[in-house]
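Q: Here's my sequence, what's the structure:
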Amino acid sequence: MASSSVFLRLLLLLSLAALSFADNSKDYILGEDSSPTKPSCNNPYLMVKVKRWVNGNEGKTVEGVGAKFGALLPSKLEKAVKFPVVLSKPFNGCSKSSSQLSGAIALSTRGDCDFSVKAQVAQAGGAKGLLVMNNEEDLAMMGCPENGTLDVSIFVAMIQKSDGEHLKKSVEDGNKVELLLYSPKRPVVDFGVAFLCLMAVGTIKMASYWKTFTVVEQNDDPYKELAEKGMHYVISSLILRTWKSGGRKGIHVPIFEEVSYLSLVILLVSVAFAIFWCVTRRESYSWVGQDVLGICLMITVLQVAQLPNIKVATVLLCCAFLYDIFWVFVSPLFFKDSVMIAVARGDNAGGEGLPMLLRIPKFYDPWGGQNMIGFGDILFPGLLIVFTFRFDKENKKSMINGYFLWLLIGYGMGLCFTYLGLYLMNGNGQPALLYLVPCTLGVTVILGLIRGELKELWSYGTVLYPTLGDSGQDNRSVRA
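A: Okay, the predicted model is just below:
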């Protein structure tokens, strides 16, 4: 029974494999191509926001991409100018238009001639800009011709086929359609990531102190114990802290036998909360429910799985360290994309990633998106930090002379280094354990060497998985 319980706990932990610290926002620059670069053709392929009005009523804002040539769009909405839309005739925009383009944005379709030709025709007709409708549901990079000079002073942008067809239909129906184009820049610092880091650090700190301010009922059945986890465990522990007799009265439930009224009510609330999140998981506010469920689960896991010493921590964290690096940096060599980042973002699931991460929206980013950190990037370092808290407490160490405080600070610094790496690599996902393992395990080893306690830390505990809630159990190894 005991070995089965240990196996189930290990399986639970390993199933929460480390996902990378990443974001799923759109790139501010679409990409790069191999088309020639000239003084008149060296614009970056900046993403563009297209605001539209139909008969004075503001409609949905769509996204596009600017051309490599032509004028650059303003980065601030206040500096952008609204212009009416006129359809090019012929609609391919390859020859002089019979419609009056002066002072308007010319809308034409892709194909039949170079993008630069369309831009020159629109400019010759007096258009203020050219908007090209792509022939598919995607955005393409509009480069420059191989030969010849290019003199285009109007802005040129492309939108997806469906967005272009909607504009075209509105104009053909006789509506007054106006557009305003601008290309906002991303903020250098996204303050949302600070809240994400605080959630990660706070989760580990709460898990460390959990048994000191909650009451956990002793349970002799490990399978039943494993079933009472996550939100149910967290809520019941907090309630029983102030209402110690709350779990004594019970009711007989088939299969589960005797269950307390309190436990049953909390179970129903927890299930209802999880169902509500599942139904609304695509809504803009769903990150709140996902984070609540995730934090409850991680607090529980850090109570169930406890490391006995840093010998076990070294093996576990070093393996996770290499695992994380492989799936983020090395896997693209075999699978053409980072498997870890693709899973986190849900690239092959309609943008719906696995709910095994904490996430928070980029509130101040005009392009939206979310910052994310995987459960494994909290759990693996968290196991070591919780161990140091237990070590300090059992050895009556002060906060300064102990290890817990310094590892918690090191973990926070590791998250900062992760975000710095994310910024320096243009938003590409980072293996967070690349930074977190040296900042936690490395700090433990260095402090242990300085204080002459490394040998004690290395062979400290003998009980790998003490029963959840048995805070009185001695984890120290027997030494002469």
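Q: can you give me the strands in the stretch 201-350 of the chain?
A: 250-253, 257-260 (DSSP state E, counting those that start in this stretch).
Q: quick check: mean pLDDT across the last one?
A: So the one you mean is strand 257-260. Strand 257-260 carries an average pLDDT of 68.
Q: Check the first one too.
A: Taken as a whole, strand 250-253 has a mean pLDDT of 63.
Q: next one: stretch 59-72
A: Stretch 59-72 comes out with an average pLDDT of 89.
Q: Need the CA coordinates for that stretch. CSV is fine.
A: Only the C-alpha atoms of stretch 59-72 are listed here, as CSV (Å, rounded to 0.1, in the frame of the first residue of the first chain):
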residue,chain,number,x,y,z
GLY,A,59,-16.9,48.6,-36.1
LYS,A,60,-14.5,45.9,-35.2
THR,A,61,-10.8,46.7,-35.3
VAL,A,62,-8.9,44.3,-37.6
GLU,A,63,-5.2,43.6,-38.0
GLY,A,64,-2.9,43.8,-40.9
VAL,A,65,0.7,44.2,-41.9
GLY,A,66,2.6,47.1,-43.4
ALA,A,67,4.7,46.8,-46.6
LYS,A,68,8.5,47.0,-46.8
PHE,A,69,8.1,50.2,-48.8
GLY,A,70,6.1,53.4,-48.5
ALA,A,71,5.4,55.6,-45.6
LEU,A,72,5.5,54.3,-42.1
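Q: longest single strand anywhere in this structure?
A: Using DSSP state E to define each element, the chain has its longest strand at strand 47-54.
Q: Give the pairing partners of that strand; include direction for each.
A: strand 57-58 (antiparallel), strand 62-66 (antiparallel), strand 177-182 (antiparallel) (DSSP bridges).
Q: so where is the stretch 151-300 of the chain shaky, pLDDT-wise?
A: Along the stretch 151-300 of the chain, segments meeting pLDDT under 70 span 215-229, 244-258.
Q: Name all residues that make contact with Thr314.
A: Shown in contact with Thr314 (Cβ atoms under 8 Å, 6 or more residues apart in numbering): Leu441. Where C-beta positions appear, they are placed from N, C-alpha and C, glycine not excepted.
Q: ok, it to Tyr182 distance?
A: Separation of Thr314 from Tyr182 (Cβ to Cβ, to the nearest Å): 52 Å.
Q: Tell me which helix or strand the residue positioned nearest the centre of the chain sits in.
A: In the chain, the centroid-proximal residue (Cα atoms, centre = their mean) is Met372; its distance is 2.2 Å. Applying DSSP states H and E as the criterion places Met372 in strand 370-374.
Q: Following that strand in sequence, what is the next regular element?
A: With DSSP H and E, the next secondary element past strand 370-374 is helix 376-394.
Q: Sketch out the strands for the stretch 1-150 of the chain, chain order is fine.
A: Along the stretch 1-150 of the chain, the segments classed as strands by DSSP E, counting those that start in this stretch run 22-23, 47-54, 57-58, 62-66, 82-87, 105-109, 129-133.
Q: How about the contacts made by Val443?
A: Tyr403, Trp406, Leu407, Gly410.
Q: ok but it is inside a strand, no?
A: No: applying DSSP: H, G, I helix; E, B strand; the rest coil, one finds Val443 to be helix, outside a strand.
Q: so what's it closest to, chain neighbours aside?
A: Take Val443 and drop its neighbours on the chain: the residue closest to it by Cβ to Cβ, 6 or more residues apart in numbering is Gly410, 4.3 Å away.
Q: any idea how far Gly230 is from the one you found?
A: 28 Å.
Q: what do you get for Met413?
A: Separation of Met413 from Gly230 (Cβ to Cβ): 29 Å.
Q: Look at those two and report which has more neighbours.
A: A side-by-side neighbour count of Met413 and Gly230, using other Cβ atoms under 10 Å, places Gly230 first with 19 against 15.
Q: That one reaches Leu297, doesn't it?
A: Yes: using Cβ atoms under 8 Å, Gly230 is in contact with Leu297, at 4.7 Å.
Q: Tally up the residues packed near the closest residue to Ala124 other than its chain neighbours, please.
A: Residue nearest to Ala124 in three dimensions, not counting chain neighbours: Lys96, with 7.2 Å by Cβ to Cβ, 6+ apart. If you count neighbours by other Cβ under 10 Å, Lys96 ends up with 12.
Q: just Ser286 next, same as before
A: Counted with other Cβ under 10 Å, Ser286 comes out at 17.
Q: and the closest residue to it other than its chain neighbours, how far is that from Lys393?
A: Leaving aside its chain neighbours, Ser286 sits nearest to Thr280 (5.5 Å; criterion: Cβ to Cβ, 6+ apart). Counting by Cβ to Cβ, the gap from Thr280 to Lys393 is 41 Å.
Q: So the two - more neighbours on which side?
A: Lys393 (15 against 12).
Q: Could you grab the helix/strand/coil label for Pro355?
A: Three-state call for Pro355 (three-state DSSP): coil.
Q: how much space between it and Trp277?
A: Going from Pro355 to Trp277 by Cβ to Cβ gives 8 Å.
Q: Give me the common contacts of these two.
A: Residues touching both Pro355 and Trp277 (Cβ under 8 Å, 6+ apart) are Gln290, Leu293.
Q: So which of the strands paired with strand 47-54 is nearest Ala122?
A: Nearest to Ala122, of all these, is strand 177-182, at 13.9 Å by Cβ to Cβ.
Q: How far off centre is that closest one?
A: 31 Å (Cα atoms, centre = their mean, to the nearest Å).
Q: do the same with stretch 42-50
A: 24 Å.
Q: now swap in stretch 150-158 and tell me
A: Averaging C-alpha positions (Cα atoms, centre = their mean) puts stretch 150-158 36 Å from its chain's average.
Q: for that stretch, how far is the first residue from the last?
A: 19 Å (Cα to Cα, to the nearest Å).
Q: again with stretch 169-180
A: With Cα to Cα applied, stretch 169-180 spans 18 Å between its terminal residues.
Q: ok, back up a step: help me confirm that the residue nearest to the centre of the chain comes into contact with Met356.
A: No: in this structure Met372 lies outside contact range of Met356 using Cβ under 8 Å: 10.0 Å.
Q: Go through stretch 403-419 and flag the buried ones.
A: Residues of stretch 403-419 classed as buried by neighbour count (16 or more other Cβ atoms under 10 Å): 403-408, 410-412, 414-415, 417-419.
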